[in-house]
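Q: Output the structure for:
(one chain, ligands or ions: 2)
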Amino acid sequence: MSGKTLYDKLWEDHVVHTEDDGSSLIYIDRHLVHEVTSPQAFEGLRLAGRKPWRQARNLAVADHNVPTTDRDKGIADPVSRLQVETLEKNCAEFGITEFDMSDIRQGIVHVVGPEQGATLPGMTVVCGDSHTSTHGASGALAFGIGTSEVEHVLATQCLVQKKAKNMLIKVDGEVRPGITAKDIVLAIIGKIGTAGGNGYTIEFAGSAIRALSMEGRMTVCNMAIEAGARAGLIGVDDVTIEYYRDRPLAPKGNDWFMAERMWQQLHSDPDAVFDKVVELNAADIKPQVTWGTSPELVVPVDASVPDPDQESDATKRESMKRALQYMDLKPGVAITDIKLDKVFIGSCTNSRIEDLRAAAAVAKGKKLAANIQLAMVVPGSGLIKQQAESEGLDKIFIEAGFEWRDPGCSMCLAMNADRLEPGERCASTSNRNFEGRQGYGGRTHLVSPAMAAAAAIAGHFVDVSTEANQGAQA
Ligand SMILES: CC(C)[C@H](C(=O)O)[C@@H](O)C(=O)O
Ligand code: SF4
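A: Ligands and ions are numbered 1, 2, ... in the order given. Model (predicted):
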């Protein structure tokens, strides 16, 4: 018999019962809750007269609708205010811990979970949010669920699921200077497409993945969902374990030593068999920039906007044409000639401390280009904001002309006041570039934090790896 994949192990560790048709009841170790997908679930509990099965396994935080300025004045928009207040009321009524807007631990749910040690290696983690895949970076089985499932997990701490297939994405070799986790994952999506991972749980492996920090690994797993897989995973190693040492909710004392021993087993066996294997050479990856309205419509920064007429598949050709029209781009235009109006550095993909450091390193001592109307930096949590300020990153950004905001989803999806106006073009470190994602009629180009900062300074895209490579050779 062949060995097991990490996914097989995590799955088997959590199955409560399997039916003949393969549907299984699995136990959920951690349930994260935010204001958008929880109101009806709590309402369902209330109507049925139920209580959460294990209150302490739930952790809630408001992130999508919170303002990123003037928090002391409350939430101006009535719809957003109602969402956030409803979460507060529900958590108070059902005995669930919530980090509210004034709590330094508040932030984007997928940043807060690992930061607090609320999500740990070996756990099953769910949240009514597709980017729950982020937490797989620590060797957890983590995926997004719908609102009726949120209610089910609250009530039973279990979930009915069918096991997915195993996919291995191996990125071997060394990336060139200036290439980040974001470029790796965009290159992966460019290769396999947004449907490439449908029906699979993706394990990311290879020396280039191993070389990433936990922050970088979270960036990669965050976008597994954009590659079509509900869950992305990375095996546990010393980087994982060190990241969790002393986190507020991580095990302590003897429990920590026992956990550490158990976590060390959380990797695929050498003889594990995957249903599909995809390989990339890290050295080939250049800074990535999306040009269309899907994360798979991506090219290296030194390329030009592709020509739909070169595409043989008619369906793809039509969607490329539509994307070009929406994005107001012409085939053949050099990516570095695309001028931006706004820049957004934030989101659960790229708002952790290393992202802010990378952006600040580019912005240091420079000024925003005249055509950039707004460049904002939105840290992923209050604690990240505090850390960044203790390193003086806020000053670097402010001196360069960026706005330094409070934590939340912000202009990743424009559920709060931060948004693009129709026709505006934005370099964004988030994960989705769908039509209207950052505001009605807004045009989004997905990039890494260093690329976004460089675009803010130049006013158009520039290749951050050229300079980094020159620096490396000097
Ligand atoms: C609002 C929420 C349901 C949604 C998600 O599931 O991902 C959002 O976070 C997003 O990024 O589009
Ligand atoms: S930051 Fe963006 S992608 Fe992440 S949870 Fe918020 S809205 Fe979704």
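Q: Near Leu45, how many other residues are there?
A: Residues near Leu45, counting by other CB atoms under 10 Å, number 19. C-beta: built from backbone N, CA, C; applies to glycine.
Q: Just give the nearest non-adjacent residue to Tyr244, would you?
A: Leaving out its chain neighbours, the residue that sits closest to Tyr244 by CB to CB, 6 or more residues apart in numbering is Ala250, at 4.8 Å.
Q: Can you report how many residues lie near the one you found?
A: As a burial measure, Ala250 scores 18 neighbours (other CB under 10 Å).
Q: List phi and psi for it.
A: phi -70, psi 150 (degrees, to the nearest 10).
Q: dump the residue contacts of it.
A: Listed by CB atoms under 8 Å, 6 or more residues apart in numbering, the contact set of Ala250 reads Gly117, Leu120, Tyr244, Trp256, Ala259.
Q: and if you look at Tyr27?
A: Neighbouring residues of Tyr27 by CB under 8 Å, 6+ apart: His14, Val15, Val16, Thr124, Gln157, Cys158.
Q: What separation is there between it and Thr124?
A: For Tyr27, the distance to Thr124 equals 7 Å [CB to CB, to the nearest Å].
Q: so what sits against both of the two?
A: Common neighbours of Tyr27 and Thr124, counting by CB under 8 Å, 6+ apart, are His14.
Q: tell me which parts of the stretch 1-150 of the chain are close to ligand 1?
A: Counting by CB under 6 Å from any ligand atom, the positions of the stretch 1-150 of the chain adjacent to ligand 1 are Val36, Thr37, His64, Asp129, Ser130, His131, Gly144.
Q: at 8 Å instead, please
A: His34, Val36, Thr37, His64, Gly128, Asp129, Ser130, His131, Gly144 (CB under 8 Å from any ligand atom).
Q: which of these has the most neighbours?
A: Counting neighbours by other CB under 10 Å, His131 leads these with 28 neighbours.
Q: Just confirm that one contacts Asn222, I think it does.
A: Yes. At 5.5 Å, His131 and Asn222 qualify as touching, with contact defined as CB atoms under 8 Å.
Q: Can you show me the CA trace of the lengthiest strand in the chain as PDB?
A: Ranked by residue count and defined by DSSP state E, the top strand of the chain is strand 165-172. Listed next in PDB are the C-alpha coordinates belonging to strand 165-172 (Å, rounded to 0.1, in the frame of the first residue of the first chain):
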ATOM      1  CA  LYS A 165      -8.800  14.300  -4.800                       C
ATOM      2  CA  ASN A 166      -5.100  15.000  -4.100                       C
ATOM      3  CA  MET A 167      -3.100  17.400  -6.300                       C
ATOM      4  CA  LEU A 168       0.600  18.200  -5.700                       C
ATOM      5  CA  ILE A 169       2.000  21.500  -7.000                       C
ATOM      6  CA  LYS A 170       5.800  21.400  -6.800                       C
ATOM      7  CA  VAL A 171       7.800  24.500  -7.100                       C
ATOM      8  CA  ASP A 172      11.500  23.700  -7.100                       C
END
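Q: Other residues contacting it?
A: Here strand 165-172 has contacts from 5, 7-8, 184, 188, 192, 197, 199-209, 229, 268, 272-282, using CB under 8 Å, 6+ apart.
Q: Show me the strands paired with that strand, marking each as parallel or antiparallel.
A: Strand 165-172 pairs in its sheet with strand 200-205 (parallel), strand 276-281 (parallel), by DSSP bridges.
Q: Columns mean pLDDT, mean neighbour count and distance to Ala375 on top of those strands, output as JSON lines?
A: Listed next are the strands paired with strand 165-172 as JSON lines, based on pLDDT from 0 to 100; neighbours: other CB atoms under 10 Å; distance: least, CB to CB, whole Å:
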{"stretch": "strand 200-205", "mean pLDDT": "98", "mean neighbour count": "27", "distance to Ala375": "30"}
{"stretch": "strand 276-281", "mean pLDDT": "98", "mean neighbour count": "15", "distance to Ala375": "31"}
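Q: Dump those to TSV, plus distance to ligand 2.
A: Shown next, in TSV, are those (distance: least, CB to the nearest ligand atom, whole Å):
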stretch	distance to ligand 2
strand 200-205	18
strand 276-281	24
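Q: nearest to Val112, of those?
A: Nearest to Val112, of all the strands paired with strand 165-172, is strand 200-205, at 22.3 Å by CB to CB.
Q: Widest-spaced pair of the residues of the stretch 1-150 of the chain next to ligand 1?
A: Using CB to CB, those span at most 13.6 Å, a distance reached by His64 and Gly144.
Q: from memory Ile338 sits against Ala458, does it?
A: No. Under the criterion of CB under 8 Å, Ile338 makes no contact with Ala458, lying 10.8 Å away.
Q: more crowded one of those two?
A: Legend: neighbour count by other CB under 10 Å for Ile338 and Ala458, higher for Ile338 (22 against 18).
Q: For the more buried one, give me its contacts.
A: Contacts for Ile338 (CB under 8 Å, 6+ apart) come out as Val289, Trp291, Val305, Leu329, Arg425, His445, His460, Phe461.
Q: got the contact list for Val273?
A: Residues in contact with Val273 (CB under 8 Å, 6+ apart) are Ser2, Gly3, Thr5, Asn166.
Q: Give me the PyMOL select line for those residues, limited to the buried ones.
A: Buried residues among the contacts of Val273 (16 or more other CB atoms under 10 Å), as a PyMOL selection:
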select buried, resi 5+166
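Q: Among the contacts of Val273, name the ones in strands.
A: Of the contacts of Val273, the ones assigned to strands by DSSP E are Asn166.
Q: just checking, Leu368 touches Ala455?
A: No. Counting by CB under 8 Å, Leu368 sits too far from Ala455 to count as a contact (10.2 Å).
Q: If you count surrounding residues, which of those two has more?
A: Legend: neighbour count by other CB under 10 Å for Leu368 and Ala455, higher for Ala455 (29 against 19).
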